[in-house]
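K.L.:
what would the 3D arrangement of this be:
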Amino acid sequence: MRLHVRGLRLPDQAPIDLWIVDGRVSTEPIAGADTVFAGGWILPGMVDAHCHVGLGQHGAIELDEAISQAETERDAGALLLRDCGSPTDTRSLDDHADLPRIIRAGRHLARPKRYIPGFANELEDESQLPAAVAEQASRGDGWIKLVGDWIDRKVGDLAPLWSDDVLKAAIDAAHAHGARVTAHVFGEDALPGLINAGIDCIEHGTGLTDDTIALMLEHGTALVPTLINVENFPGIADSAVRYPTYAAHMRDLYANTYPRIAAAREAGIAIYAGTDAGSTIRHGRIADEVEALKSVGMSATEALGAACWDARRWLGRPGLDHGASADLLCFSEDPRQGPGFLSHPDLVLLRGEPFRPGR
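P.N.:
So this is what the prediction gives:
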């Protein structure tokens, strides 16, 4: 199959012609190619940098449901997913040419009764963490996912799961195995230990302070704030009647999320778009996260870049380069106008195969 698309490239809006042959992009003309799109906007496939294919509300799911989750992401234009922890082994999905590419982080690593039941590999002793990190590195695609904090029912509030020394040993072990590390963190107290230990990314980051923003900048730590998931915080607080301190803390974190993430952006922290789809967040909502990022001061182009060309660069994946896999989106209307446009690409090309979502 030989295809041709023509339009305006984002982010620079330069006119571009691309040819697709053998599932790859060519910037040089290919004879006999069929023009399947002309006169709109073209961008690389979007990235959901915090997504859980293979995770349901109660943990592991069957593979056919995981496939359905991935199809939903594809049809919404998310063609590259960083799966931030899943109890289901989805590596067989790599054999499906019609599904998005997945960068896996293995399974969440947590302590007993310190995370959502059924989600994590729970370690009885924190000294097991470096070895567990090494094991998950062999099962993932270059990322490890830690649970940095969660409610400690003994104190009735969010609290860190790991000591600083163990974190340093574990993150060093991950790096020695060629993997980067990220962590779920809601509150304030777990952040210094994680950042000083050399963690590569923070998920959520609702407890950021001026001091930890400065630490992240010093260490080059990235941030994926999952803003549409943070909208669940008031409901979490309402359900925590037995733990009033925790409930008040969650409400306070929610009230300060947007100013804190805006301060991180203003300071120069690299921020990428992730939805946390897979449990309470339905799949296919990357356009809503892009829209939410505008509320922390990002321009429409910057917010889209956080879910597209910038995120691909961060994850080491190509965009519209010559020879790259033909994973791209075509829009007849400018997709920066809002989620109603961005979530409805006119044409999706995945490994060079065309899909017309909803048609």
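
K.L.:
do you know the pLDDT at the closest residue to L63 other than its chain neighbours?
P.N.:
Distances taken as CB to CB, 6 or more residues apart in numbering place S92 nearest to L63, at 6.8 Å, with adjacent residues excluded. Every C-beta, even on glycine, is put in place using the N, C-alpha and C of the backbone. Looking at S92, its pLDDT is 95.

K.L.:
is S92 in a helix, a strand, or coil?
P.N.:
helix (DSSP: H, G, I helix; E, B strand; the rest coil).

K.L.:
measure it to I61 for me?
P.N.:
14 Å (CB to CB, to the nearest Å).

K.L.:
the closest residue to F331 other than its chain neighbours: which element?
P.N.:
Distance criterion CB to CB, 6+ apart; nearest residue to F331, sequence neighbours excluded, is W41 at 4.5 Å. For W41, the host element (DSSP states H and E) is strand 34-44.

K.L.:
can you list contacts of that strand?
P.N.:
With contact meaning CB atoms under 8 Å, 6 or more residues apart in numbering, strand 34-44 is reached by 2-10, 16, 18, 79, 304, 308-309, 312, 318-320, 327-335, 346-347, 354.

K.L.:
which strands and helices sit next to the lengthiest helix in the chain?
P.N.:
Scanning the chain for the helix with the most residues, using DSSP state H, yields helix 244-267. Judged by 3 or more CB pairs under 8 Å, 6 or more residues apart in numbering; DSSP states H and E, the packing partners of helix 244-267 are strand 157-160, helix 210-219, helix 227-230, helix 233-239.

K.L.:
wait, what's in contact with the residue positioned nearest the centre of the chain?
P.N.:
Nearest to the mean C-alpha position of the chain, by CA atoms, centre = their mean, lies A49 at 1.6 Å. Neighbouring residues of A49 by CB under 8 Å, 6+ apart: R82, V224, Y272, A273, G274, A307, A311, W314, L315.

K.L.:
grab the nearest non-local neighbour of the second one.
P.N.:
Spelled out, it's V224. Excluding the flanking residues, the one nearest V224 by CB to CB, 6+ apart is G274, at 4.2 Å.

K.L.:
helix, strand, or coil at the one you found?
P.N.:
coil.

K.L.:
count of neighbours near the closest residue to A132 other than its chain neighbours?
P.N.:
Leaving aside its sequence neighbours, A132 sits nearest to L109 (CB to CB, 6+ apart; 5.4 Å). Neighbours of L109 under the rule other CB atoms under 10 Å: 27.

K.L.:
now swap in N232 and tell me
P.N.:
Residues lying near N232 (other CB under 10 Å) number 16.

K.L.:
and the one 5 residues further on, by the same measure?
P.N.:
The burial count assigned to A237 is 20, neighbours taken as other CB under 10 Å.

K.L.:
quick one on the thing from earlier: and the residue nearest to F331, what pLDDT?
P.N.:
W41 is given a pLDDT of 98.

K.L.:
what's the spacing between I61 and H52?
P.N.:
Separation of I61 from H52 (CB to CB): 10 Å.

K.L.:
who's more crowded, the two?
P.N.:
Under the criterion of other CB under 10 Å, the comparison of I61 against H52 puts H52 first, with 29 against 21.

K.L.:
how about the closest residue in space to the more buried one that isn't next to it in sequence, phi and psi?
P.N.:
The shortest distance from H52 to any non-neighbouring residue, by CB to CB, 6+ apart, is to G278 (2.8 Å). Here the main-chain torsion angles of G278 (degrees, to the nearest 10) amount to phi 140, psi -20.

K.L.:
A strand includes I103, no?
P.N.:
Yes: with three-state DSSP as the criterion, I103 is part of a strand.

K.L.:
re the thing from before, and the contacts of A49 as CSV, adding neighbour count?
P.N.:
Below are the contacts of A49 laid out as CSV (neighbours: other CB atoms under 10 Å):
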residue, neighbour count
R82, 27
V224, 27
Y272, 25
A273, 32
G274, 31
A307, 27
A311, 26
W314, 19
L315, 18
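
K.L.:
mind listing the helices in the stretch 1-150 of the chain by residue range?
P.N.:
Chain-ordered helices for the stretch 1-150 of the chain, with DSSP state H, counting those that start in this stretch as the definition, fall at 63-75, 129-139.

K.L.:
any chance of a markdown table for those, columns mean pLDDT and distance to T206?
P.N.:
Shown next, in a markdown table, are the helices of the stretch 1-150 of the chain (pLDDT from 0 to 100; distance: least, CB to CB, whole Å):
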| stretch | mean pLDDT | distance to T206 |
| --- | --- | --- |
| helix 63-75 | 97 | 24 |
| helix 129-139 | 94 | 24 |
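
K.L.:
would you work out how far apart the start and end of stretch 51-67 are?
P.N.:
Stretch 51-67 has an end-to-end distance of 14 Å (CA to CA, to the nearest Å).

K.L.:
over to stretch 84-94?
P.N.:
Using CA to CA, the end-to-end distance of stretch 84-94 comes to 16 Å.

K.L.:
the residue nearest to V224 reaches M46, doesn't it?
P.N.:
No: applying CB atoms under 8 Å as the test, G274 and M46 come out as separate, 11.2 Å apart.
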